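When you get a sec, could you give me coordinates for this:
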Amino acid sequence: MKRREFLITSLGLPFASSFAGISDLAFSQTNTLAVPANLPNARAPFIWVFLRGGADTLSLLSPLDDPDFIAARPPEYRFTPNGFNEKPLTIDGTSLYWHPKADPLAKLYSAGRLVPWVGVGFSDETRSHFEAQEIMDRGVGSLAKLPDSNGWMVRQLARKHQQEKSALPLFAGNNNLPGVMYGSNLVMAARDLSNGLNYPGGPAALRTLQSLCSLEASHPASALMKETADTINMVNQAFPKEAGNPNKVVPYVSSGASSYPNSDPGVGLKSVARLLQANVGLQYACVDHLGWDTHEYQNGKIDNLVRDLSNALGAFDEDMQAQQQRYTLVVMTEFGRRLRTNRSGGTDHGHASLSLVMGPNVVGGKVYGRWPGLTTSQLDRGVDLAVTTDYRQVLKQALDWS
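Numbers count the residues shown, from 1 in each chain. As a prediction, this is how the structure comes out:
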C-alpha cells in the first residue's frame with residue numbers, strides 16, 4: 001500500500017490543511033523533553049485523556065477533613081468516605097479522599113499503576129475554555145508567543161520518532177481533530193472503531209473512490225483522496241474479520257474483565273485499544289471526555305462524570321494488562337473550578353486542577369506535586385486553587401515513564 005500523507009476522518013471524512021513549520025522542541029522554545037536514553041525506539045504509546053469543560057477535580061479527590069473545604073462546600077457537595085475512600089491519600093499534611101464513584105482509580109492507585117498530581121495548571125490567568133485549551137494543546141504557557149502553529153504531540157512526534165516506521169502514529173478517539181494534533185499529515189480521528197472504520201456507502205463505495213482517483217490522477221485532490229481511502233482500507237484490513245466475510249469487521253471485545261462504558265471517554269479509549277491490538281504503529285492518542293462545565297446542578301452531574309471516567313480508565317488498564325501492552329496515559333483538564341459553590345448549584349471557572357498519570361511504568365505509592373492549601377491567602381485571587389506545578393512538567397514526567 002502506498003503510504004498516505006494525510007488523513008483526518010470521523011465517518012464523514014472531513015479534511016483539513018496541514019500547517020507549515022515544525023519546531024525542534026516539543027513544548028516551547030524553553031521547555032524540552034527528557035527522554036530515556038535506553039528507549040530510543042521503544043517508547044510505550046502515550047494517551048492523553050482531556051476532560052473538556054474544566055473539571056471540578058476537588059470533587060474527584062477531595063480534602064474532606066479540611067475546615068476551609070467544609071466551610072466552602074455545602075454538605076451536598078461533599079461525600080462520605082466508603083470502601084477504598086476510607087483510606088485517604090496524604091500530601092503536605094492534607095488528607096485526600098477518592099470520590100465514591102472512583103473506586104477503579106483508587107484500586108489503580110493502590111496497585112501502583114496510577115498517581116495523582118495536585119495543583120496542576122499554567123501561570124496565565126485566563127478562565128476562558130478556548131484560550132486555556134489552546135494553551136495546553138500547543139504545549140505553551142500562554143498564547144502571547146507561539147513557537148509555531150502545531151500541537152505539542154506533533155512536535156514531539158517529529159522530534160522523537162521515525163515516522164516512516166509507523167503506519168498510523170497519531171490517533172484521536174473523537175469526532176473532531178483536537179488541537180494537540182494540529183499540523184500533522186499523519187493523523188486519523190474517529191470516535192468509535194468498535195465495528196471498524198466505516199465509510200459512507202461501504203467497501204464498494206471506497207473502492208469506487210480509489211478507482212476514480214486513479215483515473216483522475218492529475219487532479220490536485222486525487223492523490224490526497226486516494227491515500228485517505230487507502231489508509232481507511234489499511235486500518236480495516238488490520239482488524240479481524242468474520243469467517244467467510246472479508247468485509248465484515250469483528251466487533252471489538254476487551255481482553256480485560258471489565259467492559260468499556262458506552263460513553264466518553266470509554267468509546268474513544270476502546271478505539272485506542274483496538275488500534276494497539278492491530279499493531280498499526282500508534283504512538284500518540286488523544287481522547288476527549290466532554291461535559292465537565294458544571295456551572296449548574298453539579299451535584300447531579302459529577303457522579304456520572306466521575307463514574308464514566310473511572311470505569312473507562314479501569315477497563316482500559318485491564319485490557320492493556322491482558323494484552324501485555326505497555327502504555328502511559330495522562331488525564332488533564334484546561335482548569336479546575338472555584339473552591340466555593342455558586343448560587344446555581346454549581347461551581348465557576350477556577351485555576352489549578354488535578355492530573356492523573358497511569359500505566360505500568362509509573363512510580364506510584366504517593367501523591368505528586370505540592371498541595372496549594374485552601375485558606376483565602378493561599379488561594380489564587382482569593383477564590384481559586386493555586387497552581388504549584390506547570391502542566392508541562394507533568395507531561396514531561398509521564399513521557400519519561402513511557
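
can we go C-alpha only for contacts and neighbour counts from here?
OK.

What helix or strand is the residue nearest the centre of the chain located in?
Nearest to the mean C-alpha position of the chain, by CA atoms, centre = their mean, lies Val49 at 1.7 Å. Assessed by DSSP states H and E, Val49 sits inside strand 46-51.

if we can go back for a sec, wait, the residue nearest to the centre of the chain touches Val287, no?
Yes: if you go by CA atoms under 8 Å, Val49 and Val287 touch, sitting 4.8 Å apart.

tell me, what's touching these two both at once?
Overlap of the contact sets of Val49 and Val287 (by CA atoms under 8 Å, 6 or more residues apart in numbering) consists of Pro265.

Val387 is in contact with Ser355, isn't it?
No: using CA under 8 Å as the test, Val387 is too far from Ser355 to be in contact (11.9 Å).

what ranges of the stretch 1-150 of the chain fall below the confidence cut-off?
1-42 (pLDDT under 70).

how about a cut-off of 90?
1-43, 80-87, 145, 147 (pLDDT under 90).

quick revisit: which residues do Val387 and Ser355 both contact?
Taking CA under 8 Å, 6+ apart as the contact rule, Val387 and Ser355 both touch Val120.

rewinding a little: contacting residues for the residue nearest to the centre of the chain?
Val49 neighbours (CA under 8 Å, 6+ apart): 265, 286-289, 329-332.

Would you point out the most distant pair within these?
His289 and Leu329 (13.9 Å; CA to CA).

contact partners of the strand ranked longest in the chain?
If you go by DSSP state E, the chain has its longest strand at strand 114-121. For strand 114-121, the surrounding residues in contact (CA under 8 Å, 6+ apart) are 105, 108-109, 334-335, 351-359, 362-372, 385-391, 394.

who does it pair up with?
If you go by DSSP bridges, strand 114-121 pairs up with strand 353-358 (antiparallel), strand 368-369 (parallel), strand 389-390 (parallel).

What is the subsequent helix or strand relative to the lengthiest helix in the chain?
Counting by DSSP state H, the longest helix found in the chain is helix 298-323. Using DSSP H and E, the helix or strand that follows helix 298-323 towards the C-terminus is strand 328-333.

Trp98 is in contact with Asp303, correct?
No: judged on CA under 8 Å, Asp303 makes no contact with Trp98 at a distance of 11.9 Å.

between those two, who's got more neighbours?
Legend: neighbour count by other CA atoms under 10 Å for Asp303 and Trp98, higher for Trp98 (27 against 16).

measure that one to Ser355 for me?
Distance, Trp98 to Ser355, by CA to CA, to the nearest Å: 13 Å.

Kindly report the same for Asp264.
Taking CA to CA, one finds Asp264 at 17 Å from Ser355.

before we move on, what about Leu193?
Going from Leu193 to Ser355 by CA to CA gives 27 Å.

likewise Met153?
To Ser355, Met153 is 18 Å away according to CA to CA.

Specify which residue of these two has the higher count of neighbours.
Met153 (27 against 23).

Surely the more buried one is in a helix?
Yes: under DSSP: H, G, I helix; E, B strand; the rest coil, Met153 sits within a helix.

where does it land on pLDDT?
Here the pLDDT value assigned to Met153 is 96.

can you give me the strands for this protein?
46-51, 61-62, 89-91, 94-98, 114-121, 170-172, 187-189, 241-242, 245-249, 284-289, 328-333, 353-358, 368-369, 389-390.
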